[in-house]
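Novice: Only the shape, not the letters, is given here:
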């Protein structure tokens, strides 16, 4: 639909982006489409509130509340014990503490 409305993408790395925030609902209105980079498209998801992260992802092993608990335990409880308590790897615990994952919390 974006090709029909706006022609070929300006570069191979461009993708169709929705200005309405309803692309996940199947919006195909050509007035709502434009060519955007992957980064621009990801920023749109944040603006529209449609980005999936944390517990919204079906493979998440912990909840936002558990992430907060893990960070509160950091420094006073060994990473190994935290990982056993929450059923996640030591690497996952370290990434949560370092804000490499769940960074927005």
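Specialist: Arrived safely. Predicted model, so just to flag it, every value in this text is computed and none were measured.

Novice: contacting residues around the residue nearest in space to the middle of the chain?
Specialist: The residue lying closest to the centre of the chain (CA atoms, centre = their mean) is residue 53, at 4.0 Å. By CB atoms under 8 Å, 6 or more residues apart in numbering, the contact list for residue 53 reads residue 104. No exception for glycine: its C-beta is placed from N, CA and C like everyone else's.

Novice: For it, give me the backbone phi and psi.
Specialist: phi -160, psi 160 (degrees, to the nearest 10).

Novice: any idea how far it lies from residue 47?
Specialist: If you measure residue 53 against residue 47 using CB to CB, to the nearest Å, the figure is 14 Å.

Novice: Residue 7 too?
Specialist: 25 Å.

Novice: how does this protein divide up, domain by domain?
Specialist: Following automatic domain parsing, the chain resolves into domains at 2-51, 55-97.

Novice: TSV for the ones you listed, including mean neighbour count?
Specialist: Converted to TSV, the domains of the chain look like this (neighbours: other CB atoms under 10 Å):
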stretch	mean neighbour count
domain 2-51	14
domain 55-97	14
